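> One predicted model, sequence on top.
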Amino acid sequence: MLNKKELENIFVSILEEINPQKLIKKQCKFENDRFYINSESIEIPKNKKIHILGSGKAVLSMAEALYEIMEDKIEKALLVGAYENNFKKQNLTYIKSTHPIPSVKSVEGAKALVKEFEALDEDDFFIYLLSGGNSALVELPADEISLEEFQKTTKLMLENSMPIESINCVRKHISQVKGGRLARFTKAKGVVLTLSDVLGDKLEAIGSAPLYFDSTTFQDAFDALKKYNIFEKVPNSVQNYLKKALNSKDLETPKSESSNVKHYLIGSNDILLNVAKNLLEKKNLNPIIVDEKIDDDVEIVCKNLLQFCKEKQEGCFVFGGEATVNVNGNGKGGRNQHLVLSFLDSYPKDEDIIFLSAASDGIDGNSDASGAIIDKDSLKKVEELNLDIKAYMKNFDSNTFFDKLNQLLKPGPTHNNMLDIVIILINKNKGDKNV
């Protein structure tokens with residue numbers, strides 16, 4: 001088995017392997033006036049250049065790959081992302097937006113994309129780069145709803161443990177550029193290269209599907225807000241708009257995919273887990289990817305993982321998904337750090353387990369860490385530093401806690417998002433100090 005430091009190094013290697021630039025270069029190429037995506041190809045006329053558009057946390061590294069593949073064929077690019085732009089090209093316009101709450105920059109990005117789509121001719125060709133984070137980075141609320149009211153609605157959903165699918169359902173129905181609505185602004189043909197940040201990789205759920213279609217309805221959005229006791233808390237304008245739209249087919253999102261736009265999945269949580277499996281195998285481990293996905297409240301996830309460990313004698317296990325967390329404190333942290341802290345609070349004291357949980361985008365919650373990692377010696381450190389685990393849990397201050405233990409994972413922003421990964425190493429040899 002590995003020790004904690006070795007597993008931490010493997011996590012860094014995992015992030016390097018799922019770099020969007022690497023993923024695109026493995027799956028896409030341009031030669032002889034044809035753009036290839038895996039086994040499929042699209043002919044691009046010699047007299048036509050390609051327009052690059054895109055939004056999401058990974059948009060810069062995705063675009064960088066396309067420029068390496070076919071820079072001479074690119075007419076221009078417009079990208080909306082979450083990070084500072086270190087990739088400068090004369091024909092590239094970049095708008096740095098905000099996440100997870102949309103802002104004036106999100107509206108600026110949405111309006112710029114709409115303008116570019118409207119300017120495309122029917123015989124033009126575009127490549128849209130879509131990745132996680134788009135739902136907040138690009139936004140144009142319905143005319144009846146102000147940005148501030150949209151922001152408040154988003155904040156309420158995030159703070160009340162609403163699943164991302166339900167959040168996106170609501171956002172799509174109070175937006176002018178989600179749920180396939182962005183595709184209505186152009187007649188040009190194009191493809192969407194997609195990095196999935198949702199379980200199951202449903203295209204209509206990724207980034208709120210700006211160019212796909214939406215099978216959810218205004219009734220679904222209304223019911224979701226009611227289910228999580230948020231409807232009465234959202235601004236009146238949102239309540240009134242949803243009530244009005246329940247009886248209006250004209251306001252509903254598109255229910256079929258545009259014939260001019262085709263989507264391709266180039267990255268997902270499953271790809272992330274398989275990369276982890278391959279790297280762990282190189283360390284002479286026999287990692288098992290657990291089919292059951294993490295998609296519940298962090299406390300329930302922790303309880304299930306503790307029970308899982310109790311039932312296993314030894315082994316290396318890899319989980320994927322994304323827990324939700326209902327934040328009630330004022331501390332610093334995120335779902336992954338809170339999960340690790342919860343696990344540590346109930347750590348099986350007679351076992352030897354290394355537990356890692358981290359976000360693939362490098363940023364967990366409101367902190368600068370992606371997650372944390374613990375082992376059997378972590379509790380000793382807690383005792384030495386006289387730390388009260390439950391107090392930190394109550395204030396949702398897992399980042400401060402693990403900072404004191406020096407057990408945070410800090411790879412920095414990866415400009416990517418393929419959900420979270422949990423790696424559990426259970427060692428049978430409890431007396432072995434190197435595990």
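Yep, it's here. The shown structure was predicted, so the numbers you read here are calculated from the model rather than taken from an experiment. Numbers count the residues shown, from 1 in each chain.

> low-scoring stretches of this protein, by residue?
For the chain, the stretches with pLDDT under 70 are 429-435.

> Which strands and helices lie in contact with the lengthiest helix in it?
Longest helix in the chain, counting residues (DSSP state H): helix 104-119. For helix 104-119, the packing partners by 3 or more CB pairs under 8 Å, 6 or more residues apart in numbering; DSSP states H and E come out as strand 50-55, strand 74-81, strand 92-96, helix 134-137, helix 147-159. Yep, even glycine has a C-beta here, placed from its N, CA and C like the rest.

> Report the angle between it and helix 147-159.
On the basis of axes from the mean of the first three to the mean of the last three CA atoms, to 10 degrees, helix 104-119 is oriented at 110 degrees to helix 147-159.

> Alpha carbons of helix 104-119, in CSV - could you do that?
Provided in CSV are the C-alpha atoms of helix 104-119 (Å, rounded to 0.1, in the frame of the first residue of the first chain):
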residue,chain,number,x,y,z
VAL,A,104,-22.5,41.8,-14.5
LYS,A,105,-19.6,40.0,-16.1
SER,A,106,-21.8,37.0,-16.7
VAL,A,107,-24.3,39.2,-18.4
GLU,A,108,-21.5,40.8,-20.4
GLY,A,109,-20.3,37.4,-21.5
ALA,A,110,-23.8,36.2,-22.5
LYS,A,111,-24.5,39.4,-24.5
ALA,A,112,-21.2,39.0,-26.3
LEU,A,113,-21.9,35.4,-27.2
VAL,A,114,-25.3,36.3,-28.5
LYS,A,115,-23.9,39.0,-30.7
GLU,A,116,-21.3,36.7,-32.1
PHE,A,117,-23.9,34.0,-32.9
GLU,A,118,-26.1,36.5,-34.5
ALA,A,119,-23.3,37.7,-36.8
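
> For that helix, which outside residues touch it?
51, 53, 55, 78, 80, 93, 95-98, 126, 136-141, 147, 176-177, 182, 185-186, 188 (CB atoms under 8 Å, 6 or more residues apart in numbering).

> Recalculate using a threshold of 6 Å.
Outside helix 104-119, the residues that touch it by CB atoms under 6 Å, 6 or more residues apart in numbering are 78, 80, 95, 97-98, 137-140, 177, 185-186.

> Same question for stretch 352-366.
With contacts defined as CB under 6 Å, 6+ apart, stretch 352-366 is touched by 4, 7, 57, 272, 309, 332-334, 336-337, 339-340, 343, 370-371, 373-376, 409, 411-414, 416-418, 420, 422-427, 430, 435.

> ok, now which ones touch residue 64?
Counting by CB under 6 Å, 6+ apart, residue 64 touches 21, 87.

> That one: which element?
Assigned by DSSP states H and E, residue 64 falls within helix 59-70.

> In that helix, which of the residues would be classed as buried?
59-67, 69-70 (16 or more other CB atoms under 10 Å).

> re the thing from before, check which helices and strands the very next helix or strand once past the longest helix of the chain sits against.
Where DSSP H and E defines the elements, the next helix or strand beyond helix 104-119 is strand 125-130. If you count contacts as 3 or more CB pairs under 6 Å, 6 or more residues apart in numbering; DSSP states H and E, strand 125-130 packs onto strand 50-55, strand 189-195.

> Direction included, what does strand 125-130 pair up with?
Strand 125-130 has its sheet partners listed here by DSSP bridges as strand 50-55 (parallel), strand 189-195 (parallel).

> can I get those in CSV with distance to residue 153?
Listed next are the strands paired with strand 125-130 as CSV, based on distance: least, CB to CB, whole Å:
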stretch, distance to residue 153
strand 50-55, 20
strand 189-195, 26
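
> Nearest to residue 207, out of those?
Closest approach to residue 207 among the strands paired with strand 125-130 is made by strand 50-55 (7.1 Å; CB to CB).

> where's the closest one relative to the chain centroid, distance-wise?
20 Å (CA atoms, centre = their mean, to the nearest Å).

> Could you do stretch 182-191 as well?
In terms of CA atoms, centre = their mean, the centre of stretch 182-191 is found 24 Å from the chain centre.

> Same check on stretch 38-51?
The answer for stretch 38-51 is 29 Å, by CA atoms, centre = their mean.

> And that stretch, end to end?
Across stretch 38-51, the terminal residues are separated by 20 Å (CA to CA, to the nearest Å).

> now residue 76, nearest residue through space, not along the chain?
Closest residue to residue 76 apart from its sequence neighbours, by CB to CB, 6 or more residues apart in numbering: residue 91 at 4.3 Å.

> For burial, what's the neighbour tally of that neighbour?
As a burial measure, residue 91 scores 13 neighbours (other CB atoms under 10 Å).

> try residue 286
Neighbour tally, residue 286, other CB under 10 Å: 9.

> distance of it from residue 280?
8 Å (CB to CB, to the nearest Å).

> what is in contact with the two at once?
Taking CB under 6 Å, 6+ apart as the criterion, residue 286 and residue 280 do not both touch any residue.

> related to what we said a few turns ago, let me know which of the helices and strands packed on strand 125-130 is tucked in deepest.
Across the helices and strands packed on strand 125-130, averaging neighbours per residue (mean count of other CB atoms under 10 Å) puts strand 50-55 on top, at a mean of 25.

> quick one, that strand and strand 92-96 angle?
10 degrees.

> and which of the contacts of helix 104-119 is nearest residue 258?
Proximity of those to residue 258 (CB to CB) peaks at residue 186, which lies at 8.9 Å.

> Report the contact partners of the closest one.
By CB under 6 Å, 6+ apart, the residues touching residue 186 are 117, 120.

> Mind doing that once more with 7 Å?
Contacts of residue 186 were listed using CB atoms under 7 Å, 6 or more residues apart in numbering, and they are 117-118, 120.

> And the residues you listed, which is closest to residue 169?
For these, the nearest to residue 169 is residue 117 (23.5 Å; CB to CB).

> Can you tell me the number of residues neighbouring that closest one?
25.

> measure it to residue 261 for me?
11 Å.

> same question, residue 300
For residue 300, the distance to residue 261 - CB to CB - is 38 Å.

> OK, contacts around residue 49?
By CB under 7 Å, 6+ apart, the contact list for residue 49 reads 73-75.

> Residue 300 and residue 261 - which one has more neighbours?
Legend: neighbour count by other CB under 10 Å for residue 300 and residue 261, higher for residue 261 (20 against 13).

> how near is the more buried one to residue 188?
Shown here: residue 261 relative to residue 188, a distance of 9 Å by CB to CB.

> Buried members of the contacts of residue 49 into ChimeraX, please.
Selection of buried members from the contacts of residue 49 for ChimeraX, criterion 16+ other CB under 10 Å:
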select :73,74
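
> In a markdown table, list the contacts of residue 49 along with distance to residue 210.
Below are the contacts of residue 49 laid out as a markdown table (distance: CB to CB, whole Å):
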| residue | distance to residue 210 |
| --- | --- |
| 73 | 24 |
| 74 | 21 |
| 75 | 21 |
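
> Thanks again, I'm all set now.
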